[in-house]
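Colleague: here is my input; please provide its structure:
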Amino acid sequence: MTSKSKMFSYLVFTMLFAGCLSYPNFNHYTYSDAIGSGSGKSFQTNGYGRITGIRIWELSNSIVTGFQLCFHGIWDEVIGRKTPFENRLLLFEDEFINQVSGKYFSTWIYQLRFGTSRGRFVFAGQPSRISFNMYPDEDHQELIKLSGFQLSDRITALAAHWMMPIKCPSNNTHGGIL
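Modeller: You can find the predicted model right below:
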């Protein structure tokens, strides 16, 4: 390699490297403070990739008993417990969760609602007690994880974690409610 082509290679490498250093980090992480009493055992969802689905369970016309997130087509563990009363939302490939809201009181979550970037939502439980609304600090951030506390049959505290969307291929082609 001639000295001119070496110099050109170094110049191109330096420009690319400098461009990467000056590129802003758009994966900012934000956190919505927890609501609820925080009694029981702590939890956090542990999936990898984007959230592609949500299941929520309730006692019939009563409190939220549990939920489950699907990360890139793989369902994470159930937080709380399942009941026969399940509501489910499967997300479209370009859709993400941008709101977590509902109702709570000192001892448990009465209602849990997830809103999406396409204006769709899924919820379970009853709309009574104190309202809460969690959303990201920055536009285009999406829900990446939930944490909080649970007793055996109910959620007692909940917090939301947000980050810029992570591009992953999706196996989800249905994008609807099942």
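
Colleague: quick one, helices of the chain?
Modeller: Under the criterion DSSP state H, helices of the chain are mapped to 3-22.

Colleague: where in this protein is pLDDT low?
Modeller: 1-27, 165-178 (pLDDT under 70).

Colleague: tell me which residue is most central in it.
Modeller: residue 143 (2.7 Å; C-alpha atoms, centre = their mean).

Colleague: show me what contacts that residue?
Modeller: 51, 96-98, 100, 114, 136, 160-162 (C-beta atoms under 8 Å, 6 or more residues apart in numbering). Any C-beta I mention is one placed from the backbone N, CA and C, and that applies to glycine too.

Colleague: as CSV, these with distance to residue 77 and neighbour count would be great.
Modeller: Formatted as CSV, those follow (distance: C-beta to C-beta, whole Å; neighbours: other C-beta atoms under 10 Å):
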residue, distance to residue 77, neighbour count
51, 14, 23
96, 21, 22
97, 18, 25
98, 24, 20
100, 18, 22
114, 18, 26
136, 24, 24
160, 18, 25
161, 17, 18
162, 21, 23
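
Colleague: picking up where we left off before, name all residues that make contact with the nearest residue to the residue nearest to the centre of the chain once chain neighbours are set aside.
Modeller: Of all residues not flanking residue 143 in the chain, residue 97 sits nearest, at 3.8 Å (C-beta to C-beta, 6 or more residues apart in numbering). By C-beta under 8 Å, 6+ apart, residue 97 lies in contact with 51, 54, 91, 114-117, 142-143.

Colleague: again, only using 10 Å
Modeller: 50-51, 54, 69, 89, 91, 114-117, 121-122, 135-136, 142-144, 146, 160, 162 (C-beta atoms under 10 Å, 6 or more residues apart in numbering).

Colleague: can you say which of the residues you listed are buried?
Modeller: 50-51, 54, 69, 89, 91, 114-117, 122, 135-136, 142-144, 146, 160, 162 (16 or more other C-beta atoms under 10 Å).

Colleague: can you give me the end-to-end span of stretch 123-131?
Modeller: The first residue of stretch 123-131 is 14 Å away from its last residue (C-alpha to C-alpha, to the nearest Å).

Colleague: tell me which of the buried ones among the contacts of residue 97 fall in strands.
Modeller: Judged by DSSP state E, the buried ones among the contacts of residue 97 include 51, 54, 69, 89, 114-116, 122, 142-144, 146, 160, 162 as members of strands.

Colleague: tell me how far residue 139 lies from residue 117.
Modeller: Applying C-beta to C-beta, to the nearest Å, the value for residue 139 to residue 117 is 10 Å.

Colleague: list residues touching both of the two?
Modeller: Both residue 139 and residue 117 are contacted by residue 98, under the criterion C-beta under 10 Å, 6+ apart.

Colleague: how many other residues sit next to residue 147?
Modeller: 16 (other C-beta atoms under 10 Å).

Colleague: perfect, I'm done here.
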